[in-house]
Structures are given as structure tokens and as C-alpha cells.
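> No letters, just coordinates:
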Ligand SMILES: Cc1cc2nc3c(=O)[nH]c(=O)nc-3n(C[C@H](O)[C@H](O)[C@H](O)COP(=O)(O)OP(=O)(O)OC[C@H]3O[C@@H](n4cnc5c(N)ncnc54)[C@H](O)[C@@H]3O)c2cc1C
């Protein structure tokens, strides 16, 4: 019930406006690196020093006009420039609705296409992960990733996300693997109806493990995005049993969540990428983290009380 409440709060435009303008950074700082590019670069340097790579997310979704969409793409161009100049171990993650998908599909396509071309031209080559949003966006998102990946120069520089709560995911995985596309596997963070998504945690978890095994056997470099310790243990055991090299895939976790587990995996020789969000539009992101674990309210309260 609390999950549903926080997901509804994530979708409330009115509360989002109030929160983002009045509560500010202190409210969100446990899970968000700050509001400026300098803040996220600073967090990236620190996380790199701990032995983890990074994916940087400029927070925002569902922009309502072309100027906002262009402004978000410009921030990602700047991020790629900074990553290249400082040689940070980082790539970028973006949402198609933040690139203008709801305004003009062509605009979103062109903006992402430019970013992927830029990432592919970097030395070393960089990578753009297209996050997955709610189910109405899945077909267009996967179609766009596959189209961009077909451009020969882009191969290996753009990847998709698959959510294990979706019934369709196994068939989507097959198509992406046939094209050689890198996948981030997660459970899924949106409220989806039973017609399209598993509702029980046990079913979502079982599908995650099933897809995880397919990905690990595929020979393509994928990301296993989860904080679920039991699933992580199963992935470690499967990779060890099947002689899958520790550097042939990566675990991924969110900034500020299970830092102990992140460090344990690094220490044991696994690859670990931390997803670091930053920016002023932190409200929906934070509400989804609360939906996953209402006890996070406690961490946030601690940040508010800290002087
Ligand atoms: C790198 C990364 C990228 C992601 N990208 C997407 C995306 O593109 N699209 C999408 O729909 N979803 C995305 N997600 C979110 C994902 O779908 C889940 O909602 C989220 O990761 C929680 O699921 P879980 O696998 O950690 O397992 P859960 O079953 O939710 O949690 C397992 C355990 O992990 C810990 N945990 C989980 N969440 C939290 C939290 N918020 N705070 C503290 N502890 C927690 C708890 O100990 C919990 O018992 C991403 C997640 C990660 C890690």
C-alpha cells in the first residue's frame, strides 16, 4: 500500500512543484548528488576512487516543450565533455521523455542520436544508457535503441533497460540480444497493471533470475541493477559455476543505497557501477526510492535534522 502511495506522490505535479521549490537539496541529498554539474562530478570522482564506475543521470522526465528538451540534452553534452576531459570512469543515463518524447518523437530521436554519436566518437568510446519508463513508453524506447544501435559507428555505445516485472521482457531480451545490444536488467519502478506486469514480488524476482542467467550466458557486457542481496548471491554463484569472467558484466546500484554491499562486491573482484542522479527535478526520483523502501523516510529525516 505504501508503495502505491509513494508512486502516486511521484506522479503529482502539484506536490512536485512545491517540494522542488521549497524543500531544496537537504531533503534529497541522501540519494541525489546535488543540483549542479559540479556537484555530480565531485560525487563521481569520489565513487571512482572507491573502485566503482558511474552512470550519471540528469534528473527530469516528461518535459512539456522543445526548449526544455533541448536544455536537458545540452546538459548531457556538457557531461560527456567533462567526463572526457577529466577521464572519469563514467557514462550517462537518460530518459526519452526528458529528451522530448511527449512533445515531438523526432526531436527526442535526434537529441539522443546526437548524444550517442558524440559518445561513440570519444576516446575511449563512451556509452549512453536509455532508461526505461512506464509501460506506454516501452515499444518506442526499445525501437529507438535498436535503430540507433544499427548505425555501425554506434555499436556498443547505446544500451537499453529491461524490467523483470513486465510479462513481455523475455521476448524483448531475445530481440535485443539478437542485435548485440547491452542491457541493464532491473525489477521496474513504476505502477503497472496486472494485464502487463507481474504483481507479486516472488514472480518479479523469479523472472529477474531467469533473465539474469540468459544475459550472463549471452557473451555481451550487461548490467545487473539490483540491491537484492539474494539475487546478487545467485548471480555470483551462477557466474562462478559457469566460468563467466568477473569483468564480463557489472552489478549496478543507486547512489546512497547499500554502500556496504557495493564495497563488498568491489572487494571480491566484481565490477560495480553506481547510478548517480543530480539536478533540480529530484522529486519523482526520490518518491520512487521511498516507494521501494518506506524506511528511507528515516534517512531523509536525518538529513533534514543534520546541521
Ligand atoms: C542502477 C539502477 C538503474 C535503474 N534504472 C531503472 C530504469 O531505467 N527503469 C526502472 O523502471 N527502474 C530502474 N531502476 C529501479 C529498479 O527497477 C527498482 O525499482 C529498484 O532497484 C529496487 O529494486 P531492487 O532490485 O533493488 O529490489 P527490491 O526487491 O525492491 O529490494 C531488495 C532489497 O534492496 C534494498 N533496497 C531496494 N531499494 C532500496 C531503496 N530505495 N533504499 C534502500 N534500500 C533499498 C532493500 O534492502 C531491499 O530489501 C534502476 C535501479 C538501479 C539500481
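Nice, thanks for sending it over. Computed from a prediction, not measured in an experiment: that's the story for all the values here.
> need the contact list for the residue positioned nearest the centre of the chain.
The centre of the chain sits closest to residue 131, judged by C-alpha atoms, centre = their mean, with a distance of 5.3 Å. By C-beta atoms under 8 Å, 6 or more residues apart in numbering, the contact set of residue 131 is 57, 93, 94, 95, 161. In short, each C-beta sits where N, CA and C put it, glycine included.
> any idea how far residue 55 is from it?
Relative to residue 55, residue 131 is positioned 9 Å away (C-beta to C-beta, to the nearest Å).
> tell me, what's touching these two both at once?
residue 93.
> For the nearest residue to residue 204 once chain neighbours are set aside, report the pLDDT, please.
Of all residues not flanking residue 204 in the chain, residue 165 sits nearest, at 4.5 Å (C-beta to C-beta, 6 or more residues apart in numbering). The score at residue 165 is 98. That number is its pLDDT.
> mind listing what residue 165 touches?
Counted by C-beta under 8 Å, 6+ apart, residue 165 has contacts 187, 188, 192, 197, 198, 204, 207.
> and if we set it to 7 Å?
Contact partners of residue 165, counting by C-beta atoms under 7 Å, 6 or more residues apart in numbering, are 187, 188, 192, 197, 198, 204.
> cool, and residue 162?
169, 172, 173, 183, 185, 211.
> does it sit in a helix, a strand or a coil?
State at residue 162, reduced to three classes by DSSP: H, G, I helix; E, B strand; the rest coil: strand.
> Kindly report the same for residue 251.
Assignment for residue 251 (three-state DSSP): strand.
> Provide a ChimeraX selection command restricted to the buried entries of the contacts of residue 131.
Here is the ChimeraX command that selects the buried residues among the contacts of residue 131 (16 or more other C-beta atoms under 10 Å):
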select :57,93,94,95,161
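> from the contacts of residue 131, which are also near the ligand?
residue 161 (C-beta under 6 Å from any ligand atom).
> how much space between the closest residue to the ligand within the stretch 1-150 of the chain and residue 87?
Going by C-beta to the nearest ligand atom, the ligand is nearest to residue 131 of the stretch 1-150 of the chain, at 3.5 Å. From residue 131 across to residue 87, the span is 25 Å (C-beta to C-beta).
> Equivalent analysis for residue 204, please.
Using C-beta to C-beta, residue 204 is found at 38 Å from residue 87.
> Residue 167 touches residue 196, doesn't it?
Yes. With contact defined as C-beta atoms under 7 Å, residue 167 and residue 196 form a contacting pair (5.9 Å).
> Which residues of this structure lie near the ligand?
Checking the chain against the ligand by C-beta under 6 Å from any ligand atom, the hits are 131-132, 161, 163, 186-190, 225-228, 252-254, 257-258, 275, 289, 292-293, 296.
> where do the strands sit along the stretch 201-307 of the chain?
Using DSSP state E, counting those that start in this stretch, the strands assigned to the stretch 201-307 of the chain run over residues 222-225, 249-254, 272-278.
> okay if I get those as a markdown table plus mean neighbour count, distance to residue 139 and mean pLDDT?
A markdown table is the format used below for these (neighbours: other C-beta atoms under 10 Å; distance: least, C-beta to C-beta, whole Å; pLDDT from 0 to 100):
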| stretch | mean neighbour count | distance to residue 139 | mean pLDDT |
| --- | --- | --- | --- |
| strand 222-225 | 24 | 21 | 98 |
| strand 249-254 | 22 | 24 | 97 |
| strand 272-278 | 24 | 24 | 97 |
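> List the contacts of stretch 234-244.
With C-beta under 7 Å, 6+ apart as the contact definition, stretch 234-244 has outside contacts at 209, 212, 213, 216, 217, 224.
> Buried members of those residues into PyMOL, please.
The buried residues among the contacts of stretch 234-244 can be selected in PyMOL (16+ other C-beta under 10 Å) with this line:
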select buried, resi 212+216+224
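> Pick the one among the contacts of stretch 234-244 closest to the ligand.
For the contacts of stretch 234-244, the nearest to the ligand is residue 224 (9.0 Å; C-beta to the nearest ligand atom).
> which ones are touching the closest one?
By C-beta under 7 Å, 6+ apart, the residues touching residue 224 are 185, 212, 235, 249, 251, 252.
> if we take the contacts of residue 162, which one ends up nearest to the ligand?
If you rank these by distance to the ligand using C-beta to the nearest ligand atom, residue 185 comes first, at 9.2 Å.
> May I have the beta-bridge partners of that closest one?
Beta-bridge partners recorded for residue 185 (DSSP bridges): residue 162, residue 224.
> Looking at the contacts of residue 165, which two lie furthest apart in space?
Greatest spacing in those, by C-beta to C-beta: 187 and 192 (11.2 Å).
> Number of residues surrounding the residue lying closest to residue 279 once chain neighbours are set aside?
Take residue 279 and drop its neighbours on the chain: the residue closest to it by C-beta to C-beta, 6+ apart is residue 59, 3.8 Å away. Residue 59 has 23 neighbours, counted by other C-beta atoms under 10 Å.
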